[in-house]
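Enquirer: give me the fold of what follows.
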Amino acid sequence: MKRSCCCLSKLQCYVCTIALSSILVGYSVGIISGILVFLRPPHYPTTHPLSLTPRQDEILASSIMLGAAIGALLIGPVYDSYGRRFALLFASVVFLLSTFIQTVALTYLVLLVGRSINGLAVGAFMLIAPTFIAELAPGDTRGALVNAHELGISLGICVSFVANIFFTLPLFGGPQMAWRWMYGVQGLPCVLLMGGCLFVLPESPRYLIRKGTPLELQQAKQIVTETSIDPKVVADTLQAIKTSVAEEGNQGWRSACGADGHRALFVYGLLLGMFQQFVGVDSLIMYTPDILQASGFVATSEQGMFGVLALGGVKLLTEVVVLFFIDRVGRRPLLLVGGGILVVCNIGLGVLLRFSAVEKNAGGGGVEGGTSVVSLFVFLLILVYTSAFAFSWGSVCWIVVSEMFPLSIRGKGVGVVVVGNRLMSFAVSHTFVSIGVATGNVGTPFFMYGALALIGFVFVYLVLPETKDVALEQVPLLWKKK
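Expert: Predicted coordinates for the structure are as follows:
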């Protein structure tokens with residue numbers, strides 16, 4: 001028997017434990033912005049092995065995205081064959097190893113290897129967390145509980161921003177030690193996650209039923225009973241899982257991709273993961289200070305860092321609010337409303353930034369030595385964009401993806417989605433600067449993001465079924481009717 005957590009229901013305890021992996025994802029992605037500051041002159045001389053060029057900065061920062069794509073693809077078969085708890089524990093060990101490598105690194109190459117390994121674990125966490133939670137959660141609260149994954153990522157990003165400020169204090173040994181503290185501290189929640197895998201988390205009842213031994217069937221019944229108080233719901237859930245297992249079996253890559261219905265699910269899932277990045281969120285997060293500066297916003301570097309922290313806080317607060325109504329409102333309305341707002345925000349940012357560039361060229365720019373009116377509207381649009389993304393594509397995308405694949409191919413299906421998502425994140429964020437330079441205006445990419453967000457809106461309107469209050473085993477059937 002796994003131990004419960006005082007003051008929390010068993011299900012809440014399980015979700016909080018799994019969400020530790022999501023916090024690690026957010027922290028790993030966000031902390032690099034502070035670390036790179038200390039890996040360049042004057043903190044290291046240009047001849048030092050840890051003094052990075054701008055090109056090395058870009059490669060180091062982006063290596064986690066490519067690593068995540070590979071990690072998601074590799075962990076899928078492990079997830080399906082050896083269970084969710086084992087896959088999460090294995091990914092945690094990989095994450096802890098990468099933390100050690102990055103913390104003690106003495107050269108750029110070792111840092112790059114460590115961050116690439118970190119990416120493998122991040123990709124695994126992005127697959128495991130939402131699907132594991134979905135398989136433990138009852139249907140009427142599944143949306144809110146799976147949203148804990150995105151909430152954990154946002155919390156991790158906010159913590160990383162705080163760490164970027166906190167570890168610069170003199171008591172941590174100065175700049176050449178600060179970045180090592182930033183890397184090393186993430187080992188603590190990783191160790192807690194490993195302990196949770198060993199002593200708190202149960203195995204997914206869906207995986208246990210698929211294994212099919214009498215002992216595992218009894219364990220599955222016990223776990224479903226723990227997470228639902230209604231005996232009829234327990235009986236219906238167990239029967240639905242058994243029926244799904246009997247119909248689907250355990251499928252390899254060839255049979256999974258070869259089935260017509262499954263092939264459509266892979267395509268729809270991949271499009272969902274790509275559209276989440278096509279709206280331009282990573283470019284906005286990574287280049288917010290540059291965007292504000294281009295619009296005429298005047299601030300010190302410290303004020304800029306607190307401004308980015310404020311954006312992270314808005315995203316986190318929005319996702320907390322979403323927890324309370326996502327299973328009442330449904331998936332489609334949130335994606336449609338939020339997606340429509342993102343179309344407007346992207347086009348609005350493109351127009352304002354182009355106007356700001358024209359104004360600068362004409363010698364304008366608002367109050368002398370101060371922030372322009374245009375830049376204030378840009379900052380307001382960024383806040384609205386951040387909130388709209390948080391309650392739509394940010395939260396709902398992973399809920400839908402965790403539900404849409406049958407049990408037999410869930411690990412492989414979500415793995416493919418994460419691969420597409422991370423590759424598109426890499427492509428979008430690494431073309432932002434070059435497109436802006438080529439066109440002479442930082443606002444140009446936002447017109448592209450607005451057009452892609454509009455296509456995503458149409459895709460959701462035409463294709464996405466509503467899945468609130470639908471049993472997990474029935475969701476793939478809704479998609480196959482499309």
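
Enquirer: now stretch 278-286 - C-alpha only, PDB.
Expert: Extracted in PDB, the C-alpha atoms of stretch 278-286 (Å, rounded to 0.1, in the frame of the first residue of the first chain):
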ATOM      1  CA  PHE A 278       2.100  28.300 -33.900                       C
ATOM      2  CA  VAL A 279       0.300  31.000 -31.900                       C
ATOM      3  CA  GLY A 280       3.800  32.300 -31.000                       C
ATOM      4  CA  VAL A 281       3.800  31.800 -27.300                       C
ATOM      5  CA  ASP A 282       7.500  30.800 -26.900                       C
ATOM      6  CA  SER A 283       8.700  33.800 -29.000                       C
ATOM      7  CA  LEU A 284       6.600  36.100 -26.800                       C
ATOM      8  CA  ILE A 285       8.000  34.600 -23.600                       C
ATOM      9  CA  MET A 286      11.600  34.400 -24.700                       C
END
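
Enquirer: what does that stretch contact?
Expert: By CB atoms under 8 Å, 6 or more residues apart in numbering, the list of residues contacting stretch 278-286 from outside reads 33, 291, 311, 339, 342, 346, 382, 385-386, 389, 393-394, 424-425, 428-429, 432, 445-446, 448-449, 452-453, 455-456. Bear in mind the C-beta positions are built from the backbone N, C-alpha and C, glycine included.

Enquirer: for the helix or strand Ile117 falls within, buried residues please.
Expert: Ile117 belongs to helix 108-136 when assigned by DSSP states H and E. Buried residues in helix 108-136, defined by neighbour count with 16 or more other CB atoms under 10 Å: 108, 111-136.

Enquirer: buried residues in the following helix or strand past that helix?
Expert: Scanning forward in sequence from helix 108-136 by DSSP H and E, the next helix or strand is helix 142-166. Going by neighbour count (16+ other CB under 10 Å), the buried part of helix 142-166 is 142-161, 163-164.

Enquirer: swap in stretch 198-206?
Expert: For stretch 198-206, by 16+ other CB under 10 Å, it's 200-206.

Enquirer: helices - which of the residues you listed land there?
Expert: 205-206 (DSSP state H).

Enquirer: counting by contacts, list what the helix or strand encompassing Gly350 packs against.
Expert: Element membership for Gly350, per DSSP H and E: helix 331-361. When contacts are defined as 3 or more CB pairs under 8 Å, 6 or more residues apart in numbering; DSSP states H and E, helix 331-361 packs onto helix 288-294, helix 373-389, helix 395-404, helix 444-463.

Enquirer: Leu323 is nearest to which of these?
Expert: helix 395-404 (8.8 Å; CB to CB).

Enquirer: now do whichever helix or strand comes after that closest one, average pLDDT.
Expert: Once the chain leaves helix 395-404, the next helix or strand it forms, by DSSP H and E, is helix 410-429. Helix 410-429 comes out with an average pLDDT of 87.

Enquirer: same thing with stretch 97-117?
Expert: 95.

Enquirer: leaving out chain neighbours, which residue sits closest to Asp236?
Expert: Ala471 (7.2 Å; CB to CB, 6 or more residues apart in numbering).

Enquirer: likewise for Leu464?
Expert: Per CB to CB, 6+ apart, closest to Leu464 is Arg332, 5.7 Å.

Enquirer: picking that back up, ranking the helices and strands packed on helix 331-361 by burial, who's on top?
Expert: helix 395-404 (a mean of 27; mean count of other CB atoms under 10 Å).

Enquirer: from the contact counts, what lies against that helix?
Expert: helix 108-136, helix 142-166, helix 260-278, helix 326-329, helix 331-361, helix 410-429, helix 475-480.

Enquirer: so what's the residue nearest to Asp236 up against?
Expert: 139, 236-237, 240.

Enquirer: switch to 10 Å and redo it
Expert: Counting by CB atoms under 10 Å, 6 or more residues apart in numbering, Ala471 makes contact with 138-139, 142, 233, 236-237, 239-241, 244, 403, 477.

Enquirer: related to what we said a few turns ago, what mean pLDDT does the helix holding Gly350 get?
Expert: Per-residue scores along helix 331-361 average to 87.

Enquirer: can you give me the offset of it from its chain's centre?
Expert: 22 Å (CA atoms, centre = their mean, to the nearest Å).

Enquirer: and that helix with helix 373-389, angle?
Expert: 160 degrees (axes from the mean of the first three to the mean of the last three CA atoms, to 10 degrees).

Enquirer: check which residues of helix 331-361 are buried.
Expert: Result for helix 331-361 [16+ other CB under 10 Å]: buried residues 331-332, 334-335, 338-357, 359.

Enquirer: run through the stretch 251-400 of the chain and note the low-pLDDT ranges.
Expert: 251-261, 297-306, 357-371 (pLDDT under 70).

Enquirer: then the stretch 51-200 of the chain?
Expert: For the stretch 51-200 of the chain, no range has pLDDT under 70.

Enquirer: tell me the domain boundaries of this protein?
Expert: 1-202, 252-482 (automatic domain parsing).

Enquirer: ok, which of those domains comes nearest Gln218?
Expert: domain 1-202 (12.4 Å).

Enquirer: now that closest one, how far from the chain's geometric center?
Expert: 11 Å.

Enquirer: with stretch 278-289 instead?
Expert: With CA atoms, centre = their mean, you get 14 Å for stretch 278-289.

Enquirer: picking that back up, may I ask which of the contacts of Ala471 has the most neighbours?
Expert: Glu403 (29 neighbours; other CB atoms under 10 Å).

Enquirer: nearest spatial neighbour of it, skipping sequence neighbours?
Expert: Using CB to CB, 6+ apart, the closest residue to Glu403 is Val475 (4.4 Å).

Enquirer: number of nearby residues for that neighbour?
Expert: 21.

Enquirer: hmm, Ile399 is touching Thr141, no?
Expert: No: counting by CB atoms under 10 Å, Ile399 sits too far from Thr141 to count as a contact (11.5 Å).

Enquirer: what residues are shared contacts of the two?
Expert: 326-327.

Enquirer: CA atoms only: put stretch 425-445 into CSV for me.
Expert: Extracted C-alpha coordinates of stretch 425-445, given in CSV (Å, rounded to 0.1, in the frame of the first residue of the first chain):
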residue,chain,number,x,y,z
SER,A,425,8.6,25.5,-30.4
PHE,A,426,12.2,25.3,-31.6
ALA,A,427,11.3,26.5,-35.1
VAL,A,428,9.0,29.3,-34.0
SER,A,429,11.3,30.7,-31.3
HIS,A,430,14.4,30.5,-33.6
THR,A,431,12.9,32.2,-36.6
PHE,A,432,11.5,35.2,-34.6
VAL,A,433,14.7,37.3,-34.7
SER,A,434,15.7,36.3,-38.2
ILE,A,435,12.2,37.3,-39.6
GLY,A,436,12.3,40.5,-37.7
VAL,A,437,15.8,41.3,-39.1
ALA,A,438,14.9,40.3,-42.6
THR,A,439,11.8,42.5,-42.7
GLY,A,440,13.3,45.3,-40.6
ASN,A,441,10.5,45.1,-38.1
VAL,A,442,10.0,43.0,-35.0
GLY,A,443,6.3,43.1,-35.4
THR,A,444,6.3,41.1,-38.7
PRO,A,445,6.3,37.6,-37.1
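
Enquirer: many thanks, have a good one.
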